[in-house]
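> quick check, what structure comes out for this input:
(2 chains)
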Amino acid sequence: MITDTDVTVDSPLIFEHSRPGRRGVLPPRAPEVDLAALLGAENLRSEPPKLPEVDELTLVRHYTNLSRRQIGIDVAFYPLGSCTMKYNPKVHEAAVQLFADLHPYQDPSTAQGALQVMYELQRDLGEITGMDAVTLQPAAGAHGELTGIMIIRAYHASRGEGEQRRVVLVPDSAHGSNPATASMAGYQVKEIPSGPDGEVNLEALRAELGPHVAAIMLTNPNTLGLFEERILEIARLTHQAGALLYYDGANLNAIMGMARPGDMGFDVVHLNLHKTFTVPHGGGGPGSGPVGVKARLAPFLPVPVVVKQGETYALDYDRPQSIGQVRSFFGNFGALLRAYAYIKMLGAEGIKKSAALAVLNANYLKELLKAEGFRVPYDRICMHEFVAQPPEGIKTLDVAKGLLEMGYHPPTVYFPLIVKEALMVEPTETESKETLEQFARAMGEVIRKDKEWLEHAPYSTPVRRLDEVQANRKPKLRWGG
Amino acid sequence: MKYPDNLRYTKTHEWVLLEDDGIVTVGISDYAQDALGDVVFVELPEVGEQVDAGEGVAAVESVKTASDIYAPVSGEIVEVNTDLTDQPELLNTEPYGGGWIFRIRPDNPADVEKLLEASAYREFAESQ
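Numbers count the residues shown, from 1 in each chain, chains lettered A, B, ... in the order given. As a prediction, the model looks like this:
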């Protein structure tokens, strides 16, 4: 199919452009050396790598055309719930450039500026979340979760309760990564049902708590976009049972600068710098998932931790109770720089204001969508996101596909699992009133289309409706050529 | 939507058949397969595993969601439907036949009697 964007569906892979001997650049001829003597014969390839051989123009066109088929935050509104697709300020790239020539094997004495950034970022993230100590190592949110739960496991083990506490409690509205994390860390997962108000059911929680519970993983505001108003009572009950309270930071954008997980009674938090702190994301990274903990858990943080000794910054590896290193080097340093730049440019007041605007935007959009005919099952003042449903008889999947035709990335669909035909919408603070209004009109337009149009949308995208079932049952994961 | 009378059901949408040999066969109801949509993957329990009633023992993934399958009664897993590994769609096409998931030797066969009858389950499912 040829589309009006002059990109064909069948645009070849870079390997299909390859012709023997074609080159983009001709590097200067290097002096002949004996590679086997230099690197060790066992490290040499027996045959050259199968790299594509293309000229420079073909290369440029190939990737430029692919990039034109993307929908991203720089192209269009991207209201993906719980993903915080906020604008990634371009000025942050300048900050990153300043550190571009740094190497992780450099002696710390020659990288004091980089260590200072990391030290201050640890401190700032601790301040924002109400935590006493922070590690910047985890490479993404789920990695942060795993690190956090491993810290909790090490804590219980240090008190001789490792064998006894085998269960992690997770609400039924949780992000799927929470039970996956607990399971990966060797825990049994027990689900806590939500009450009719969409919050954790306290009675159900009480019934499950006991000396066998290691932790509860909570998102606040939760995935319905609702603030858990009984959080202090939840924290009290959790600690009374000897368990720890884990904060999934996916939704921190709603409360950043306004309220702190540490003050609510949380013991461990992970953050997503690629959501809340404007680091670009999508396409699998690179993300960054720092973990903050209360003082009693600090000895278990991964090594190294950046410390300040007098006026010198250093990497501290001497932590005998540490769970060890969870990533090579010091985390995704580029992501850390962007988050640092964001925090310093916004300042305390700016961070507060961004949370307020995120909440205002979500509530405004919720009301606009209700006016267009969408249903909102837990309809009260929401935080940074909300969950809607299309009118009776219209499928959420069809709404999502119709939105693609309108040029928008759809919201998160079919999540949280406790709402049927869920559409989870998070506009973020960086969208204008006009954008929200245009989006609401597009949503309204989609649900007023006839059934035939809805079932076959989208029409003018590079690919039409994909066969998701076959793609899952019989995935083609590599090029056959 | 079909709710065969010879089966018992759970509120988590499993169906249960007590066979003549005292073994219990378990699958998911027609209502459940319809709600899940096209099933793309089934994670089976291990034969020989001892399970408790209400314990998550298998998982079913569809395009839009993933869902645990709970043991309706306590007992030992004696057989699993390995056809589902290559043909997960059997859950959609034959929920009460080729789409069975696992078989349990119940600790107490009378536990099956405590599960919902077809009429009660139908009422429950249709009120969801």
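
> every contact and neighbour count from this point should use C-alpha atoms.
OK.

> where along chain A do the helices fall?
Along chain A, counting by DSSP state H, helices occupy A:35-39, A:56-68, A:91-98, A:112-129, A:141-158, A:177-184, A:202-208, A:231-240, A:261-264, A:333-372, A:396-405, A:433-447, A:451-456, A:468-473.

> what's the last one in contact with?
Which is helix A:468-473. For helix A:468-473, the surrounding residues in contact (C-alpha atoms under 8 Å, 6 or more residues apart in numbering or on different chains) are B:Asp38, B:Val39, B:Val40, B:Phe41, B:Val63.

> the fourth one now?
For helix A:112-129, the surrounding residues in contact (C-alpha under 8 Å, 6+ apart) are A:99, A:108, A:131-136, A:256-257, A:260-262, A:269, A:292, A:306-308, A:312-314, A:336-337, A:340, A:343.

> residues from chain B in reach of chain A?
Counting by C-alpha under 8 Å from any C-alpha of the partner chain, chain B comes close to chain A at B:Asp38, B:Val39, B:Val40, B:Phe41, B:Val63, B:Lys64, B:Thr65.

> identify the farthest-apart pair in those residues.
Using C-alpha to C-alpha, the pair of the residues of chain B next to chain A lying farthest apart is B:Phe41 and B:Lys64, separated by 11.8 Å.

> contacts only, for the closest residue to chain A within chain B.
Relative to chain A, the nearest point of chain B is B:Val40 (5.2 Å; C-alpha to the nearest C-alpha). Neighbouring residues of B:Val40 by C-alpha under 8 Å, 6+ apart: A:Val469, A:Asn472, A:Arg473, B:Val60, B:Glu61, B:Ser62, B:Val63, B:Pro88, B:Glu89.

> if we go to 7 Å?
Taking C-alpha atoms under 7 Å, 6 or more residues apart in numbering or on different chains, we find B:Val40 in contact with A:Val469, A:Asn472, A:Arg473, B:Glu61, B:Ser62, B:Val63, B:Pro88, B:Glu89.

> compute the number of surrounding residues for residue 107.
Using chain A here. 10 (other C-alpha atoms under 10 Å in any protein chain shown).

> actually it's chain B I care about, not the one you picked
By other C-alpha under 10 Å, neighbour count at B:Asp107 equals 14.

> skipping adjacent residues, who's closest to it in space?
Leaving aside its chain neighbours, B:Asp107 sits nearest to B:Gly75 (4.7 Å; criterion: C-alpha to C-alpha, 6 or more residues apart in numbering or on different chains).

> the one you found contacts B:Phe102, correct?
No - the pair B:Gly75 and B:Phe102 does not pass the contact test of C-alpha atoms under 7 Å, sitting 11.8 Å apart.

> next, count neighbours for A:Ala41.
Other residues within reach of A:Ala41, judged by other C-alpha under 10 Å, total 12.

> how much space between it and A:Leu121?
44 Å (C-alpha to C-alpha, to the nearest Å).

> A:Glu191 contacts A:Val167, doesn't it?
No - the criterion here is C-alpha under 7 Å, and A:Glu191 misses it with A:Val167 at 10.3 Å.

> ok, those two, which is more surrounded?
More neighbours surround A:Val167 than the other of A:Glu191 and A:Val167, with 23 against 17 (other C-alpha under 10 Å).

> for the more buried one, give its distance to chain B.
Per C-alpha to the nearest C-alpha, to the nearest Å, A:Val167 is found 13 Å from chain B.

> kindly report the same for A:Ala371.
Separation of A:Ala371 from chain B (C-alpha to the nearest C-alpha): 26 Å.

> ok, that residue to A:Tyr78 distance?
Distance from A:Ala371 to A:Tyr78, counting by C-alpha to C-alpha: 21 Å.

> what's the answer for A:Gly144, then?
Using C-alpha to C-alpha, A:Gly144 is found at 24 Å from A:Tyr78.

> wait, which of the contacts of B:Val40 is closest to A:Glu434?
Nearest to A:Glu434 among these is B:Val63, at 34.0 Å by C-alpha to C-alpha.

> related to what we said a few turns ago, between the contacts of helix A:468-473, which is nearest A:Thr428?
Lowest distance from A:Thr428 to these (C-alpha to C-alpha) belongs to B:Val63, with 27.4 Å.

> B:Gly27 in helix, strand or coil?
strand (DSSP: H, G, I helix; E, B strand; the rest coil).

> lowest-pLDDT helix or strand in chain B?
Sorted by mean pLDDT, DSSP states H and E, the helices and strands of chain B end with strand B:66-70, the least confident at a mean of 90.

> who does the helix or strand that comes right after that one touch, helix- and strand-wise?
Going down the chain from strand B:66-70, the next helix or strand is strand B:75-80, by DSSP states H and E. Judged by 3 or more C-alpha pairs under 7 Å, 6 or more residues apart in numbering or on different chains; DSSP states H and E, the packing partners of strand B:75-80 are strand B:50-51, strand B:102-106.

> and the next helix or strand past the shortest one?
Using DSSP H and E, the helix or strand that follows strand B:50-51 towards the C-terminus is strand B:56-62.

> what lines up beside that following strand in the sheet?
In the sheet, strand B:56-62 lines up against strand B:39-43 (antiparallel), strand B:66-70 (antiparallel) (DSSP bridges).

> buried subset of the contacts of helix A:468-473 as a PyMOL selection?
Burial among the contacts of helix A:468-473 is assessed by 16 or more other C-alpha atoms under 10 Å in any protein chain shown; the matching PyMOL selection reads:
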select buried, chain B and resi 38+39+40+41+63
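
> not counting its neighbours along the chain, what's nearest A:Arg69?
Once flanking residues are discounted, A:Arg69 sits nearest to A:Pro462: 6.9 Å by C-alpha to C-alpha, 6+ apart.

> how close does that neighbour sit to A:Ala471?
Counting by C-alpha to C-alpha, the gap from A:Pro462 to A:Ala471 is 17 Å.
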